[in-house]
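# The following block contains a protein sequence and its predicted model.
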Amino acid sequence: MSLKGKVAVVTGGGSGIGRAISVQLAKDGAAVSVWDLNSVSAEQTVEMIVNSGGRAIACAGDASAKIEIARSAAMTRQSLGAISILVNNAGISSFTPFMDISEEMIDRIMAINIKGPMLCCQEIIPDMLNAGWGRIINISSSSAQTGAPMMCHYSASKGGVIAFTKSLGLELAAKGITVNNIPPGFIDTPMLRQSPVDIEKQIQVSPMKRAGTPEDIASACAFLASEQAGYITGLTLGVNGGRVMP
Ligand code: NAP
C-alpha cells in the first residue's frame, strides 16, 4: 500500500509501537515526523528511516502541551509539508490499586493519554480539511475493552480514546477524513518490560502463545492510513492475538 506524497506525524515515535509505526509508514512512502519527549530516541528512529532510504524529521516535545504541539506541527509543515496522517500513539501506563491512585496520577494519565490526542487532532485537522483527505489513528488499549485491575485510571483514559474516535469519526465522516483506533493487547515494548506484568505467564495463557510485536500494530496502522481503508471510520481494530474477541 503506497503512502507516497503523504506526511505523517507519529507521537511517541521514539520507542516501541510508535517507532515501528514510524518505520512502517516511511517504508510505505510517507515522510514521517517523529514526535517524542525524548529527543535522542526520536533521532534514533529518524536515523533508522533515513538509513533505509526514507524521509523523516524528529520533533522533541510534549504531545500533551498545546504550545509544544503547535511548535512541532509548524516544524513538520516547514520541513515536510502539510500533514495528512496523524498517529496518536504517545501514552503512559501505571499499575496502582484504585484507592492509592493520587489526583496527580489521574491528571497526568488523562493529560497524556486522552487530552494530548485531542489537542493534536485540533492542531492537525485543518491541514486535512484543506486537502479533503486525512487519516487519524489513535492507539488505545485492550484494557479499555476488558477492564484491567490496578489500571483504573489508565483503562478509563483509553476508554475515552475509543469513545473520542467514534465521535470524531462521525464529525469528520463527510470531509474525507477517517478516524480509527487500535487497542493493542500485550505487545513486547519497553513499556511492557517496565511493568509488573509476568510476561512468561501471560504468554502461556495467550491463544497464540506469544506476545505481540510492535510490527504487528504497525501493519494494522499502515492499513488504516492507506487509501484502501477510506471507507472505514470509527473502527476499533483489535490487534491482540485473539486475547480479546468483543
Ligand atoms: P513505550 O515503549 O513506553 O513508548 C512510548 C513513547 O511515548 C516513549 O518514547 C515516550 O517517551 C513517549 N511519550 C510518553 N509521553 C509522551 C508525551 N507526553 N509526549 C511525547 N511523547 C511521549 O510504550 P509502547 O508500549 O510502545 O506504547 C505505545 C502506545 O501503545 C501507548 O499509548 C500505550 O498506552 C499503548 N499500548 C501499549 C501496550 C503494550 O502492551 N505495549 C498495550 C496497550 C496499549 P519517554 O520514553 O521519554 O517517556
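Yep, it's here. Residues are numbered from 1 along each chain as shown.

# which outside residues touch stretch 67-86?
3, 6-9, 25, 30-31, 33, 35, 55, 57, 59, 61-63, 116, 119-121, 123-124, 127-128, 130-131, 133-137, 225 (C-beta atoms under 8 Å, 6 or more residues apart in numbering). The way it works is simple: take the backbone N, C-alpha and C, and place the C-beta from them, glycine included.

# so what's the spatially most central residue of the chain up against?
By C-alpha atoms, centre = their mean, the mean C-alpha position of the chain lies nearest to Asn89, the distance being 2.1 Å. Residues in contact with Asn89, defined by C-beta under 8 Å, 6+ apart, are 10-13, 17-18, 21, 139.

# what's the closest of those residues to the ligand?
Proximity of the contacts of Asn89 to the ligand (C-beta to the nearest ligand atom) peaks at Gly12, which lies at 2.6 Å.

# ok now do the closest residue to the closest one other than its chain neighbours, which residues does it touch?
Closest residue to Gly12 apart from its sequence neighbours, by C-beta to C-beta, 6 or more residues apart in numbering: Ala90 at 3.2 Å. Ala90 sits next to 11-12, 18, 35-37, 63-64, 112, 116 when contact means C-beta under 8 Å, 6+ apart.

# and if you look at Pro196?
Phe95.

# and what of Ala220?
182, 237, 239.

# mind checking the SS state of it?
Classification of Ala220 using DSSP: H, G, I helix; E, B strand; the rest coil returns helix.

# Pull up the residues of this structure that are close to the ligand.
Within the chain, the positions near the ligand by C-beta under 6 Å from any ligand atom are 11-12, 14-18, 35-38, 41, 62-64, 89-93, 112, 116, 139, 141, 184, 186-187, 189-192.

# Just the buried ones from those?
11-12, 14-18, 35-37, 41, 62-64, 89-93, 112, 116, 139, 141, 184, 186-187, 189, 191-192 (16 or more other C-beta atoms under 10 Å).

# any idea which helix or strand carries Glu47?
helix 39-51 (DSSP states H and E).

# what's in contact with that helix?
Under C-beta under 8 Å, 6+ apart, the answer for helix 39-51 is 13-15, 18-19, 22-23, 26, 32, 34-36, 55-60.

# and Lys209, helix, strand or coil?
With three-state DSSP as the criterion, Lys209 reads coil.

# is it true that it touches Ile203?
Yes - contact criterion C-beta atoms under 8 Å: Lys209 and Ile203 qualify, at 6.1 Å.

# Of those two, which one has the most company?
Between Lys209 and Ile203, Ile203 has the larger neighbour count (other C-beta atoms under 10 Å), namely 15 against 9.

# That one and the ligand: what is the separation?
Distance of Ile203 to the ligand, computed by C-beta to the nearest ligand atom, to the nearest Å: 12 Å.

# looking at it, that residue is touching Arg210, isn't it?
Yes - proximity of Ile203 to Arg210 meets the contact threshold set by C-beta under 8 Å, at 6.1 Å.
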